[in-house]
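A.B. asks: need a 3D model of the following:
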Amino acid sequence: TDGQKVWDKPEVMEAIDDFMLRTGKIPKQTEFKNENGLPSYGAAGRALEMSPAEYMRERYDALGIETKQEKIEMTM
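C.D. replies: Okay, here's the model as predicted:
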C-alpha cells in the first residue's frame, strides 16, 4: 500500500462521531488527519457526498442529545 487509506462513508461517519464523543467538539478542518483518527477533509467530503461541516452540525446535535440523556440517567 502507499499509506493512503481509502475511507468509505460508514468509516468516515464513525470516525467523526468518535472524535466528537471523545473531545466533545466538532473537529476543525485542520484536525482532519490520521493522528486524530480522521481522514483528510477532502476524503471525508468525497466519502460523505456532502460537506463534512454540514454532516458534523447534524451529528453533533444528535450526539449531544444522547450524551445529555445518558448523564440524566446516570444521576437517577
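
A.B. asks: only C-alpha atoms from now on, for both contacts and neighbour counts.
C.D. replies: Fine.

A.B. asks: got the phi and psi for the residue nearest the centre of the chain?
C.D. replies: Nearest residue to the geometric centre of the chain (CA atoms, centre = their mean): Ile16, 1.1 Å. Main-chain torsions, Ile16, degrees, to the nearest 10: phi -70, psi -50.

A.B. asks: I'd guessed it sits against Met56; true?
C.D. replies: Yes - between Ile16 and Met56 there is a contact under CA atoms under 8 Å: 7.4 Å.

A.B. asks: sec struct for the nearest residue to Ala43 once chain neighbours are set aside, please.
C.D. replies: Spatial nearest neighbour of Ala43, chain neighbours left out: Trp7 (7.1 Å); criterion: CA to CA, 6 or more residues apart in numbering. Under the three-state scheme (DSSP: H, G, I helix; E, B strand; the rest coil), Trp7 adopts coil.

A.B. asks: Trp7 - how many residues pack around it?
C.D. replies: 18 (other CA atoms under 10 Å).

A.B. asks: again with the one 10 residues further on
C.D. replies: Asp17 has 20 neighbouring residues, counting by other CA under 10 Å.

A.B. asks: residues contacting it?
C.D. replies: Arg59, Tyr60, Leu63 (CA atoms under 8 Å, 6 or more residues apart in numbering).
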